[in-house]
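1. Okay, here's the prediction I keep looking at, along with the sequence it came from:
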Amino acid sequence: MTYETETARARYDRLSALAGKPPKRDKGAGLIAWLMLALVIVVILLPIAYSVATSFKPRSDIALGTFWPTQPTMENWGTAFATVPLTYFIRNSIFAAVFSAMLTLALTVPATYAMVRLGVGRRFLPDFTVATYLAPPVVALIPLFIMLQRLNLTDSLIGMTLVYGLMNIPVAFWLMRGFVAEIPRSVDEAAWLDGAGYWRSFLTVTVPLLLPAFIATGLICAVLSFNEFLFASTMTFGPHSRTLTVGISLFQGERFVNFGQMAAASLSGMIPIYFVAILVQKWLIGGLAHGSVK
């Protein structure tokens, strides 16, 4: 036994003697924590469970307001896909979500690097960029509609991709800012000393280090675009450009709402999102955690 080990052990024995017996674990606090966690899980899963149950209910059960179906049926699923072209709507939503996220990253990453690393705009421009997301989306509805109309992009997936790509820039900046700030400035300074300019150091040094940030930010922006309803309901008019959120609203008639079919359509759009979220949850959590760092 070495001198360092003996010294550490003697120090541990002395501190243990002074402290007395170790404190007992508070079982009451642990039980309260588990109960609170269970409550949160129930609150999150209850709406999903109700949607699943509603998608298998006949109209009689929906009218009675029961939670579980008394006579489960698959009729709502078949009718939902037969009444509304949900397959096209899901395809349109995925197309707009993926390509709008790529557009958002292409515009946001260089701007974030310039503002955070090079000090462009100092404190005004970064805070102003984030603050624009606090405005109600309806404020930008008319200007964006006029812009798409001038570009002849209304009622098109390309137009919706452009709108979503611009709409998510503040969110992407908020997330990317933490990642860029975490990269040591000495990395860029070493590239500058070797003769690399701003663009070369950004593309060859910073961008490879930001690959986890691209995944996290792109996924979050894609989910936001996939779930958007206001702009899609205003700027799309046909099945070739409508997204899933607009398609779900079509199940609401003048006198009756097809809740069973609407629940089936909603779940058909939720399943791919939850599947992707489970696969990449560590990048999503990392993106939210790093985005909160200024």
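-> Cool, got the structure.
2. where does the stretch 1-150 of the chain have low pLDDT?
-> 1-28 (pLDDT under 70).
3. mind running it again at 50?
-> In the predicted model of the stretch 1-150 of the chain, residues 1-6 satisfy pLDDT under 50.
4. For stretch 195-212, give me every contacting residue.
-> 109-110, 113, 117-118, 176, 179-180, 183, 187-188, 191-192, 283, 286 (C-beta atoms under 8 Å, 6 or more residues apart in numbering). Placement of C-beta: from N, CA and C, glycine included.
5. In CSV, could you pull the C-alpha coordinates for stretch 64-84?
-> This file holds the C-alpha atoms of stretch 64-84, laid out as CSV (Å, rounded to 0.1, in the frame of the first residue of the first chain):
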residue,chain,number,x,y,z
LEU,A,64,-71.5,8.5,-25.7
GLY,A,65,-68.1,10.0,-24.8
THR,A,66,-66.6,6.8,-23.5
PHE,A,67,-62.8,6.6,-23.2
TRP,A,68,-62.3,3.0,-24.5
PRO,A,69,-64.2,1.6,-27.5
THR,A,70,-66.9,-0.9,-26.6
GLN,A,71,-66.8,-2.4,-30.1
PRO,A,72,-63.3,-1.7,-31.6
THR,A,73,-63.3,-1.2,-35.4
MET,A,74,-60.8,-0.4,-38.1
GLU,A,75,-63.4,1.4,-40.1
ASN,A,76,-62.0,4.9,-39.2
TRP,A,77,-58.6,4.1,-40.6
GLY,A,78,-59.8,2.8,-43.9
THR,A,79,-62.3,5.6,-44.4
ALA,A,80,-59.8,8.3,-43.5
PHE,A,81,-57.4,7.2,-46.2
ALA,A,82,-60.2,6.7,-48.7
THR,A,83,-61.9,10.0,-48.0
VAL,A,84,-58.9,12.3,-48.0
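6. going forward, begin numbering at 56 instead of 1
-> Okay, residue one is now 56; in that scheme the one you just asked about reads as stretch 119-139.
7. Give me the contact list for it.
-> In contact with stretch 119-139 (C-beta under 8 Å, 6+ apart) are residues 105, 108, 110-113, 116, 141-142, 302, 305-306, 313, 315-320, 323.
8. you'd agree Phe281 is up against Phe150?
-> No - if you go by C-beta atoms under 8 Å, Phe281 and Phe150 don't touch, sitting 10.3 Å apart.
9. more neighbours, these two?
-> Higher neighbour count among Phe281 and Phe150: Phe281, with 23 against 16, using other C-beta atoms under 10 Å.
10. State the distance from the more buried one to Ile145.
-> For Phe281, the distance to Ile145 (C-beta to C-beta, to the nearest Å) stands at 9 Å.
11. okay, and the common contacts of those two?
-> With C-beta under 8 Å, 6+ apart as the test, Phe281 and Ile145 both reach Leu299, Gly324.
12. For the stretch 206-349 of the chain, which residues score under the pLDDT cut-off?
-> Ranges of the stretch 206-349 of the chain meeting pLDDT under 50: 346-349.
13. in what helix or strand does Val164 lie?
-> Assessed by DSSP states H and E, Val164 sits inside helix 141-171.
14. Mind listing what's buried along that helix?
-> Across helix 141-171, burial judged by 16 or more other C-beta atoms under 10 Å covers 141, 143-145, 147-160, 162-171.
15. contact partners of stretch 171-183?
-> Taking C-beta under 8 Å, 6+ apart as the rule, stretch 171-183 contacts Ala169, Met170, Phe228, Arg232, Val235, Ala236, Ile238, Arg240, Asp243, Tyr253, Thr261.
16. out of these, which are inside strands?
-> Assigned to strands by DSSP state E, none of the contacts of stretch 171-183 qualify.
17. out of these, who has the most neighbours?
-> Busiest of the contacts of stretch 171-183 [other C-beta under 10 Å] is Phe228, holding 26 neighbours.
18. From Ala186, how far off is that one?
-> 11 Å.
19. picking up where we left off before, keep only those of the contacts of stretch 119-139 that are in strands.
-> Per DSSP E, the contacts of stretch 119-139 never map to strands.
20. Type out the ChimeraX command that picks the buried ones from those residues.
-> Command for ChimeraX that selects the buried part of those, burial taken from 16+ other C-beta under 10 Å:
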select :108,110,111,112,116,141,302,305,306,313,315,316,317,318,319,320,323
